[in-house]
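[1] just to be clear, the model below is a prediction. Sequence and coordinates:
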Amino acid sequence: MQLTPEKLQQQNFMLLEKVEHAEFNAFMRKHSWNSSIFKVAYFMIVLLFSVMTIGLIIQSKHPIIQRILFASLGVLIALILIPFHEYIHYLVYKHLGATNVKITSYWSQGYVLTKADQFVVSKKEIKWIASAPFLIISAIGIMSFFFLTDLWQISVCSMILFHATLCYNDFRILDYFLVRDSDIYMYDYVQEGVTYFYKR
């Protein structure tokens, strides 16, 4: 049975934190990594694609300006994919049963949030919500890699690398949810512009 905000407030749950959406980056910075598994996985992914991107740039026989241009193009593609990234979050929320899902930009803070109004999310659901954009976009990039010329391979590796850095908060929220002994739940209250975290 789907939990509701009212049940979280009335039953055997304890409010952990109330986070304003405009302060979400500060909230993530406040919490150190709880799990070495997620921390190591994240930085290994970034290191792997950094090495691959640099390696492809070095071994390419094209003029250096072209190599740099195609690496920069990968960064641009990652930025262009931000709406697609957030739409994947949106689709997962909708698939899980959320009815009122909104995407909001906080450009001054450097991030975008997909919020499901008063839809309670558990550990089981956050795994798919948080990880889906990284997994899908990375998988598309990796599959396309083998059919591209070396210059476009630089772009793809650069795109995956930069997109991984944009997924930093997704990895952090997974870490926040999944390594605690207690069950964690959250829901967004869009009208208030806040997210509530509860534990049981």
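    Cool, got the structure.
[2] tell me where this protein has helices.
    All helices of the chain, identified by DSSP state H, fall at 5-10, 24-30, 36-59, 64-80, 82-96, 123-145, 150-166, 168-178.
[3] mind checking how far the first one is from the chain centre?
    Spelled out, it's helix 5-10. Distance, stretch centre to chain centre, for helix 5-10: 27 Å (CA atoms, centre = their mean, to the nearest Å).
[4] name the surrounding residues that touch it.
    13, 118, 120, 185, 187, 189, 196, 198 (CB atoms under 8 Å, 6 or more residues apart in numbering). Quick note: C-beta positions are derived from backbone N, CA and C, even for glycine.
[5] if you count neighbours, what's buried in it?
    By 16 or more other CB atoms under 10 Å, the buried positions in helix 5-10 come out as 5, 8.
[6] now the second one
    Burial within helix 24-30, assessed by neighbour count using 16+ other CB under 10 Å, is assigned to 24, 27-28.
[7] which elements pack onto it?
    Contacts defined by 3 or more CB pairs under 8 Å, 6 or more residues apart in numbering; DSSP states H and E place helix 24-30 against strand 111-116, helix 168-178.
[8] so what strands line up beside the shortest one?
    The partner list of strand 111-116 in its sheet, established with DSSP bridges, is strand 101-106 (antiparallel).
[9] chain center to the partner strand: distance?
    The answer for strand 101-106 is 14 Å, by CA atoms, centre = their mean.
[10] that strand to helix 82-96, inter-axis angle?
    Put simply, strand 101-106 runs at 150 degrees to helix 82-96, going by axes from the mean of the first three to the mean of the last three CA atoms, to 10 degrees.
[11] please consider this matter closed, and thank you.
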